[in-house]
Each structure stands twice: as C-alpha cells, then as structure tokens.
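Chemist: Predicted model and sequence below, questions to follow.
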Amino acid sequence: MEVVITRWDDRHLAVSLKGFIAEDIAFIKRIPGRRWLPDEKVWRIPFRKEVVHSLVTRFPEGQFSIDPDLTDIQELYGKSPDR
C-alpha cells in the first residue's frame with residue numbers, strides 16, 4: 001500500500017491510494033469534504049491540519065509519498081515532507 005499526497009489547489013490535497021484495501025477507502029470516505037475524482041483517480045480532500053493528522057496517523061511510516069514541494073504539510077503537522 002502506498003499513499004501519494006500532492007497539492008490539488010490552495011485548499012485541497014489530492015490523495016492516491018495504490019494497493020488499497022476496503023478499510024482504507026472507508027477511512028477516506030469518512031473525511032468531511034472529500035470527493036472522488038474518477039478521471040484523475042484521486043481523492044480530493046480538504047487541506048486542513050486535522051485531515052493531514054488523520055492521514056499520517058492512519059497509515060504506517062513508510063507508506064507515504066508526499067510531494068517534496070508540499071512544505072505546507074511540514075508546517076501543518078511538524079514533520080518533514082519526506083516522511
């Protein structure tokens with residue numbers, strides 16, 4: 001399983017789940033304001049501290065691929081973007 005996080009726009013992140021299981025999709029579906037974008041095959045989620053926190057606590061270390069240019073995650077969560 002790999003979680004790829006990139007910036008969608010100033011207010012949203014794009015999250016791609018590679019090798020996901022049903023529980024992972026159920027978790028994403030519980031995020032308020034999330035939206036599945038079938039053409040891009042990504043989940044668009046709000047770019048808020050509590051959402052970032054829920055993602056990094058849900059998935060184990062090493063399963064993340066975060067766009068290195070997305071330094072806002074470091075600011076929001078206090079972790080380096082290469083987490």
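Modeler: Thanks, I have the structure now. Residues are numbered from 1 along each chain as shown.
Chemist: and the helix ranked longest in the chain, how far out from the chain's middle?
Modeler: Assignment by DSSP state H gives helix 49-58 as the longest helix of the chain. Relative to the centre of its chain, helix 49-58 is centred 8 Å away, using Cα atoms, centre = their mean, to the nearest Å.
Chemist: swap in stretch 3-22?
Modeler: Centre-to-centre, stretch 3-22 and its host chain are 4 Å apart (Cα atoms, centre = their mean).
Chemist: dump the residue contacts of residue 32.
Modeler: residue 46 (Cβ atoms under 8 Å, 6 or more residues apart in numbering). Just so you know, the C-beta spots here come from the backbone N, C-alpha and C atoms, and that holds for glycine as well.
Chemist: likewise the one 5 residues further on?
Modeler: For residue 37, the residues meeting the contact criterion (Cβ under 8 Å, 6+ apart) are 14, 43-44.
Chemist: What strand or helix carries residue 70?
Modeler: Under the criterion DSSP states H and E, no helix or strand holds residue 70.
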